[in-house]
Structures are given as C-alpha cells and as structure tokens.
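Novice: need coordinates for the following:
(2 chains)
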Number of protein chains: 2
Amino acid sequence: MITTTDPRTGRQSDTDLAPTSADAVADLARAAEAAASVLASRPRQWRADMLERIAAALEDARAELVATADAETGLGEARLGGELTRSVVQFRMFADAVREGSYLEAIIDHAATTDLGPAPDVRRMLVPLGPVAVFGSSNFPFAFSVAGGDTASALAAGCPVILKAHSAHPLTSARSFDAIAAATAAAGAPDGTVGIVYGQQAGSALVADPRITAVGFTGSLSGGMALQRIIDERAQPIPLYGELSSLNPLFITPGAAIARADTIAADLFTSVTGSAGQLCTKPGVAFVPVGDAGDALVDALADRVDEAGAQVLLNRRIHDSFREIRDRVLAAPGAVERARGVEDAAEGFAVAPTLVETTASSLGADLVEEAFGPLVVVVRYEGAGDLRRAASVVPKSLTATLHHEADEIDLARRLTDDLAPWAGRLVYNGYPTGVRVAWAQQHGGPWPATNSQHTSVGMTAIRRFLRPLAWQNAAQELLPEELRDGPVPIPRRVDGVLQLAAVESTP
Amino acid sequence: MITTTDPRTGRQSDTDLAPTSADAVADLARAAEAAASVLASRPRQWRADMLERIAAALEDARAELVATADAETGLGEARLGGELTRSVVQFRMFADAVREGSYLEAIIDHAATTDLGPAPDVRRMLVPLGPVAVFGSSNFPFAFSVAGGDTASALAAGCPVILKAHSAHPLTSARSFDAIAAATAAAGAPDGTVGIVYGQQAGSALVADPRITAVGFTGSLSGGMALQRIIDERAQPIPLYGELSSLNPLFITPGAAIARADTIAADLFTSVTGSAGQLCTKPGVAFVPVGDAGDALVDALADRVDEAGAQVLLNRRIHDSFREIRDRVLAAPGAVERARGVEDAAEGFAVAPTLVETTASSLGADLVEEAFGPLVVVVRYEGAGDLRRAASVVPKSLTATLHHEADEIDLARRLTDDLAPWAGRLVYNGYPTGVRVAWAQQHGGPWPATNSQHTSVGMTAIRRFLRPLAWQNAAQELLPEELRDGPVPIPRRVDGVLQLAAVESTP
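Specialist: I've put the predicted structure just below:
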C-alpha cells in the first residue's frame, strides 16, 4: 500500500495506490518499447498536437491537481498554481519547438568531389532515443515531476516515458498521470506512450530494464548515485541525466553592499526562504564584504530572519536532514548563529529559517554542505583575493550570482572569469531562484550540480533524448521528410551552409 | 624504454622514448588546466588560425610522417598518405567551423513579460569543457590518433589536449605530436595546450587525473571498459567518448543479388579486405539470399578470397586475436569455411583473408563476434522474416548497409525501419568503409558501437567537448562577444527565432 503524508501535520494516510510489481514494470517497459517505433514514425505535427493536448488536460484538471499537491507538499496554492502554469507552458513551448524543427539538427551533404576524393550523399538528423524513465522531484510536484520538463522534453523528442512517482506526492503523481494519459490516448498515441510506477523497488527495476534507453532524475546526490550504480550493472550502459546538488554561491561586491544593502537583504531573504528554501537554485552561501556596508546588509538580513515564521518542509526526511545539516554547519569552526526565526512548530515538518555567519578565512568543507531548506551561510570577506580563495572551497553549482555596481566592471569581469568554471548559469544583480523557461536557459552545471553537458530546463533539454542517425546515398522515399530534397519548412545545413526554414509556398 | 615493432617482420626495436612517469602526467595535466582558461579567453579567429597552422605543419612533415607510420603499421604509403590528407583536411574543416560559429549554439532571450510573468534577460552558448585526454587508435595512425579527429575537435572547441600515444605506433605519435606542438607554439598558444604521454600506466594516470574533463577513445570494447572503470573511481565523473566495437551488417535483397551479384562480390571483397580488414566500419557479416543469384554472388566472393594474398595486421595482439576469433567462428555450429586466401606468411603479422558461410537459422552469438581483420561471415537467408530475425542477433553497430533495387522500395523501407535502431549510419547500395568527413556524418552508434549520443567524425563531433553556460542579466561588457547586442557574424537564436549570421558591414 502506498501512503501519503500531510507535511503540515505529519499525519500519514493510505491511498488506493499499490507498489508496482517487477512483472508490471517489465510489462510497461515492453509496451513502451513497442510504442517507441510507432511514435518515431508519426509526423512532428501530430506530436506537437499531442503535447498541446497534454497542456490542455493539465489546465482542465487545475483545481484538483493544485489541491492535491497542496495537501501532499504544503507548498501553498499560490506557488502550486504558478508551478502548474509552468508545466502547461513547458508542454506548449515544446510543441512549438517540435513544429519549428531546428532541434532535429538536420544536415544534408550532397554527393561531391572533395579534397578527400569523391564523397557520397550523407544526410543526418536526430531521432528519438527510445523509452525514457523519469524520476520526479520532491520539491516541484508539477514542473519537475510527472508533468515536468523531463516528461515534456522526452515526449517532444518522440520517446515514450515511464514515470516513477515520488513518494512525497503519490496522489499528485497519479492525478497528473491520469490527465497526461487521457490526453495522449485522445491524441491517438499508442499504448505504452506513457506509464507510471510506484515504489522504490519498482523504480530500481525500471532503471535496470534493458528496454529503457535513458533516465531523467531530479533529486539528491545520493539518490542519483544509487541510480548510477544500477546503470553500471546493466549490460548496456545508458545516460543518466541527474540534477543533483547545488549550493549556488552569491557574491556581493563592496560597491553593491554600499549602494544596495537594504534591497539586497530583502531580496536575498526572499530568495532563501521562498518555497521554504527547498529550491535547487536557493543561494546557500552569500559572500558579503567586511565593514560598515556589509554589516548593515547582514544586520538587515538577520532582522528579517529573526522575524520569520516557521516554514513547513516537504517530508520527514527533508525535515530531519535539514536539522542535522544545520547542526553540523553551526558546529563548524568559525560558524556563528546570527539569526533564527520562529522555532519548529509542535507538529508537522516545520523548521525555522536560519542565518549563519562566518569569515572567508574560516570557510571549509563543513560550512558548504547543501541544506535543503531555509538556511543561508553568510561569509564575510576582506578583498578580492580572499573572495577568490573562498569561492574555490564552494562545490560547483547550477548557478553563481554576482551583485556589482556599474563602476566595478573590471572587478566583475575578473570574478566572472573565476566563477564561470564553477557554474552553469551566471546571474548578475539578481537571484538564482526563478528559472526562466526559455531557449537560452541552462539548468545544469559541473559536477556535483549535474552529471551531463545538458540542461533540464528550456528547449535545448530535448537534446538529451535524441541520437544522431545518418543516411548515406538513400533513395528519397527512404529518407524522413525532413531530409528530402526540395524546400522543407525547417532550418537545415545544406552543403555546409545553414539555411532558415523554407516558407511553404501557397499554390 | 618504449619499443616499436615492424609488423611485416615482427622485429622489435628500441626508440628514444620513455614511459611517462606519474609525476610527469600530473605536471602535464596542471599545465593543461592553466592553458584551458587562456585558450577559452582567446577569440575564435585566433583558434581557427591555430588549427590551420597545425594542418600546414602536418602537411610539411608529410614525407617523414608517412614513412614512419608505414614502418610501424605496414598499412602502405598510399593508404597512409590518404589518411594524412584526411587529418589535414579535418583540422582545416574545424577551422572553418570555428569561424562560422554555429557550433556555439548561441541563444539570446531578452527580458520579457511571458506567460509565466516578468522574465530576465538570459543568454547561452557553449563553452570549452576543459583539458581532454585523447587515446589514439591502432588502425588509423593519423586520422584517429595524435593528429586525429578527437584532437582536432577538442582543440577546435577550445580545450587543451593530452594525448596517449598508441603502443603500436609510438614514433608516428611522437613525430605527429612534434608537428602539432610546434604549430601551436608558433600560433602563440599557451604552454599546456597540447601534451603527450607514453605507456599504459601513464594513460591510466591521465584518465584518473582530476584536471581531465573528458576522454576520447578509439579502440576495443575491453579497452574502453577499462577506461570506464578508472572513471568510475574518480571523485568527479567525466564523459568517456568511446568508439568501441562494430560488426556493420550488410544486407543484400533478392533483387540486388540478381541485378548485381558480380559487382557486389567485387566491391564487398574490397570493403572487407581494405586496410587488411582493420577498419571499424568493415562489414563483418553479409546477408545474402538463398538461391541461384545468391549462390553466384557468394561464389564470386569466394573466388576473390581464395585468390587473395596474405595481409599484414598491425600488431601481434591483433594478429593473435584475429586467428583466435576466426577459429571460434569456424567452430560455431552451422559455420562452413568457404574460402581462404594465401595462408599466413612465415614471419610478421600476416593472415589470410577468410570467408565463412552459414545460414540465418544457424546464426548465433558465436558467429557475430567482431574479428578485426579480413574475415566476413556470409549468412544465407530465405525471406524477409528470416532476415529480420537474424538481424536482431547482430550486435548494434556503427553502420548497417542495405543493397536493394529501385523496384524493392517497400522492402527497403521495412528493412530501414528494422535497421534504424541498430546503427548510427544507414548505407544504401554502397559500403560502410570510407567515412566521409562532413557536417552530416554520424560515426557513432548504439552500444556497443559507441557509448554516447555523439559522433567522432564530422563537424558535430565538437559538441562532445563543450558545455552550455548561461548569463542572466549580464552587462554587455561581461558577455562574450558572440552574445552581445547588435549584429554579430554568427548564427544565433534571438527571442526564439533562429537568425543567420549578420554580414559584417563595411564602413
């Protein structure tokens, strides 16, 4: 029996869901494999329409989905409503990307006499990889879960998806899946286009199944490494796209501290405590200069933290882990508790926002552990060299943020050069939380942030679930439409030259 | 002491090269790390010029390089001259690709009000990954070794490269490296831009070094898996781009057998025995219909094999392995030796080209082992169903080839659908050997052919050594040139719309 828990009270209740058996997992994988070739043969326009239908189905189920997710996560209806909109928008944006077609990376090199002699006609584009397993996150029950970006990008690529429901929100997972499955069926998608499994053993069996060709995972470093160990034992290795761990350092220059101490304190507080600090892009460590301006900034931040109410975390594991890590950080040499909000409520998974202060010279590995929840470590630094040394102690992250003033551009440039190898996204005079869904987004960074040279947010996330295939000297009838001669309404590179989509002529 | 061996005689001689010590490997990695940030900061035009200088330096050293490689590989001066030209052309083509700039995947999304609310300016492009280790192959002393495509694509990406010289051609490796190192120095590249190590232990130390960010490898499946085990023990995982194993099945339809039995026999013989069968794209298994036309084709092929001279293999390991695998294949149930050329010469690493025949119903795993050398297994089939079942026994490969006639397009389409999941390149009415260097090339296939969704030949190979980086709300001065406002001479996607390179205006 699968249970669900109200994080506001800690009370657990039964659901009508059961752990998926190993046989059922294998059946789902077989169905997905059969669906894969059917999906790959359908035109892009059909697949884009299917994605639009999924978006509409999620929109139609909005009231039930948000209420269910709120009961299971305690994240609040405002945040959850916004997150569901994000899911809907992601499916629509991938539908547009599928129609536009540049993601196929279509290339034609006609037969030619080259510097290396006569060369055959070669044409290449990206094709779907095959059935994909998607493990949803605890902290985004919609946008990084069953109805999330991994699902949207894998379906957009033309891959069947088997979801592993997160144990922290099984009912939200089930309701999201129902909406998606109904939409794919209504679109005429083959059985096996989407599937879902419940329970940790089923998740492990899924990753081990030889029919699965890739895994998307958003969760903890330890969880990701456990999946990698399962993959390492497969006869056939497959990619794991893991979004794993991120401390998201934030740097405040002397000029920014002088010019904007109060504003930065207010906005940093919001960024650290939004969604109770349970965002993979939460700034976990902030570098603030020593001196009066820095003092004022830290004082203002401390005031806000002291006044903050308790915040409900998603589940018991995260709650217990947050308190353990906070204790470890506070026990580190040179760490001082500067502020703590209302202490944990009597019941449920609430904790107090906490501000820890230390100095750049004290900064060691024990102070830079990611605490999933409303904790921030403020590091006081003296000069740029100090900053640079301290920055190298911080693990590589999804993001790095720099607050600077316009007249500090040389310093900002040096810090940019220092930080670029440490992150996948550099944020200036803003906050890393709030990840824009756009073509240019990069949500992925050097290990241990993620383990791939790809993003899990934004349109280029589709590349994870595609592989290149080339056709040499193929008859026109054997080529996919997108690689045939004549004007085609997608961008292509032809004989080395990039060409925009041909506008379809009206007869 | 590093030794070199003449494969025509088997005689071993000393070189002036020594195995690289662990300390020296670490020094090279440190130098590469220091070079990485300098290289990343140089303009693309400078890097393209450096690649052109390397091409010119290889051309200048042609006579010595080809003679040295011939003495170490026995591949012959004609083949080696062509291969060196290929190396030269690859550096030049990557120089062009670097100048053209589309490989950066530059994307700009301006700040906007979106369906998800106000969104910040986000800009993204691909940046160099960092120091890359490249393990050259035995069978391509130029084009897949020190002066090969992995080196060219990694340097094009802006990554320093440390090469592992192949034990079968250490002097060719050293001379190639000298030419490349002189060219990079003349271009003003920082120390550490290229390095080379000798000896298996040094290779292992290189892959284990924490400063290495990716590994390119062309070699055996067992060799690639050994490198993967070293990577699995690193604190920080890195991608291994392995080109490992490929059987390259070739299918001949009944129509093609009737229409072109003699031509196919002649060309298939050339493809199987070219470079003594030591090509990763050598067709190792050919499906030929039963009946008169198929008989004629196999008879013609057998005649050529019977008349063939002994062929010199690259080294003792390959020679011994070829004979062992040939024995195993011949011992498989249902296998018949149809033809064998001149038997192995008295000295050196020569073997006889060999043709094995079997039936589709006999085809099992023991008949589809890759034999690196001039061996082909002909499988006689009765119908399309027979063909389909037999095809599924063949391991996934770099390529799959289909010979069909124009009036068999429906059969060809069904076979294309069957074969597409089995290969990275589909070849029609041709042969998989001879891999065109072009934008559209895909030299990579499903496991165990390779272990990534990338190619190691052609311009898109550069993607392996790049990672995306995003800048959010950055001042113009902090952005790379390619992401600044205003017309820029590279293709970019701006606010969702792909744009071609702006032509630079003449004042």
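
Novice: for the stretch 201-350 of chain A, what lies in contact range of chain B?
Specialist: Within the stretch 201-350 of chain A, the residues that sit near chain B (CB under 8 Å from any CB of the partner chain) are A:228, A:232, A:236-237, A:239. Backbone N, C-alpha and C define where each C-beta goes, glycine included.

Novice: contacting residues for A:Asp209?
Specialist: By CB atoms under 8 Å, 6 or more residues apart in numbering or on different chains, the residues touching A:Asp209 are A:25-26, A:29, A:133.

Novice: so of the residues of the stretch 201-350 of chain A next to chain B, which ones are in helices?
Specialist: A:228, A:232 (DSSP state H).

Novice: mind putting the residues of the stretch 201-350 of chain A next to chain B in a markdown table, pLDDT and distance to A:Ala332 included?
Specialist: As requested, these are exported to a markdown table (pLDDT from 0 to 100; distance: CB to CB, whole Å):
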| residue | pLDDT | distance to A:Ala332 |
| --- | --- | --- |
| A:Gln228 | 96 | 29 |
| A:Asp232 | 94 | 34 |
| A:Gln236 | 94 | 44 |
| A:Pro237 | 95 | 39 |
| A:Pro239 | 97 | 36 |
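
Novice: contacts only, for the spatially most central residue of chain A.
Specialist: Residue closest to the mean C-alpha point of chain A, counted by CA atoms, centre = their mean, is A:Ser456 at 4.7 Å. Going by CB under 8 Å, 6+ apart, A:Ser456 touches A:144, A:149-150, A:153, A:216, A:218, A:241, A:243, A:443-444, A:450, A:464.

Novice: list just the nearest of those to chain B.
Specialist: Set against chain B, the nearest of those by CB to the nearest CB is A:Gly444 (7.1 Å).

Novice: report how many residues lie close to that closest one.
Specialist: Counted with other CB atoms under 10 Å in any protein chain shown, residues neighbouring A:Gly444 total 31.

Novice: tell me the secondary structure of it, please.
Specialist: Under DSSP: H, G, I helix; E, B strand; the rest coil, the three-state class of A:Gly444 is coil.

Novice: do you know how far the nearest residue to it once chain neighbours are set aside is from A:Arg425?
Specialist: With CB to CB, 6 or more residues apart in numbering or on different chains as the criterion, A:Gly444 has its nearest non-adjacent residue at 4.1 Å, and that residue is A:Thr450. Note on A:Thr450: its distance to A:Arg425, by CB to CB, to the nearest Å, is 11 Å.

Novice: with A:Asp49 instead?
Specialist: Distance from A:Asp49 to A:Arg425, by CB to CB: 32 Å.

Novice: quick one, which of the two is more surrounded?
Specialist: When A:Asp49 and A:Arg425 are compared for neighbours, A:Arg425 comes out ahead with 30 against 17, by other CB under 10 Å.

Novice: low-confidence stretches in chain A?
Specialist: Applying pLDDT under 70 to chain A flags residues A:344-346, A:503-507.

Novice: how many other residues sit next to the nearest residue to A:Val393 once chain neighbours are set aside?
Specialist: Once flanking residues are discounted, A:Val393 sits nearest to A:Leu363: 5.1 Å by CB to CB, 6+ apart. Number of residues near A:Leu363 (other CB under 10 Å) recorded here: 26.

Novice: ok, now A:Thr151?
Specialist: Neighbour number of A:Thr151 under other CB under 10 Å is 28.

Novice: cool, A:Leu411 as well?
Specialist: A:Leu411: 17 neighbours (other CB under 10 Å).

Novice: list the contacts of the helix or strand hosting it.
Specialist: Per DSSP states H and E, A:Leu411 falls inside helix A:409-419. If you take CB under 8 Å, 6+ apart as the criterion, helix A:409-419 is touched by A:249, A:251, A:253, A:384, A:387-388, A:391, A:400, A:402, A:404, A:426, A:428, B:37, B:41, B:474-475, B:477-478.

Novice: I figured A:Tyr241 hits A:Thr213, correct?
Specialist: No. Counting by CB atoms under 8 Å, A:Thr213 is not a contact partner of A:Tyr241; they are 11.8 Å apart.

Novice: so which bits of the stretch 1-150 of chain A are right by chain B?
Specialist: So the stretch 1-150 of chain A meets chain B at A:37, A:41, A:82, A:85-86, A:89, A:96, A:100, A:102, A:105, A:107-109, A:114-117, A:119-120, A:122-124, A:127, A:129-130 (CB under 8 Å from any CB).

Novice: show me the residues you listed that map onto helices.
Specialist: Within the residues of the stretch 1-150 of chain A next to chain B, residues falling in helices by DSSP H are A:37, A:41, A:82, A:85-86, A:89, A:96, A:100.

Novice: now the residue nearest to the centre of chain A, what's its secondary structure?
Specialist: A:Ser456 ends up coil, using three-state DSSP.

Novice: dihedrals phi and psi, it?
Specialist: Phi and psi for A:Ser456, reported as degrees, to the nearest 10, are phi -110, psi 0.

Novice: now do the domain split for chain A, please.
Specialist: Using automatic domain parsing, the domain parsing of chain A gives A:15-110+A:120-244+A:453-465, A:250-428.

Novice: deepest-packed of the ones you listed, please.
Specialist: domain A:15-110+A:120-244+A:453-465 (a mean of 22; mean count of other CB atoms under 10 Å in any protein chain shown).

Novice: which residue ranges of the stretch 351-500 of chain A form strands?
Specialist: In the stretch 351-500 of chain A, the strands defined using DSSP state E, counting those that start in this stretch lie at A:354-359, A:375-381, A:397-403, A:423-428, A:466-472, A:492-494, A:497-499.

Novice: how about the stretch 151-300 of chain A?
Specialist: Using DSSP E, counting those that start in this stretch, strands in the stretch 151-300 of chain A cover A:161-164, A:194-197, A:214-218, A:240-243, A:249-252, A:285-289.

Novice: from the contact counts, what lies against the first one?
Specialist: This points to strand A:161-164. Using 3 or more CB pairs under 8 Å, 6 or more residues apart in numbering or on different chains; DSSP states H and E, the elements in contact with strand A:161-164 are helix A:22-41, strand A:132-135, helix A:149-157, strand A:194-197, helix A:200-208.
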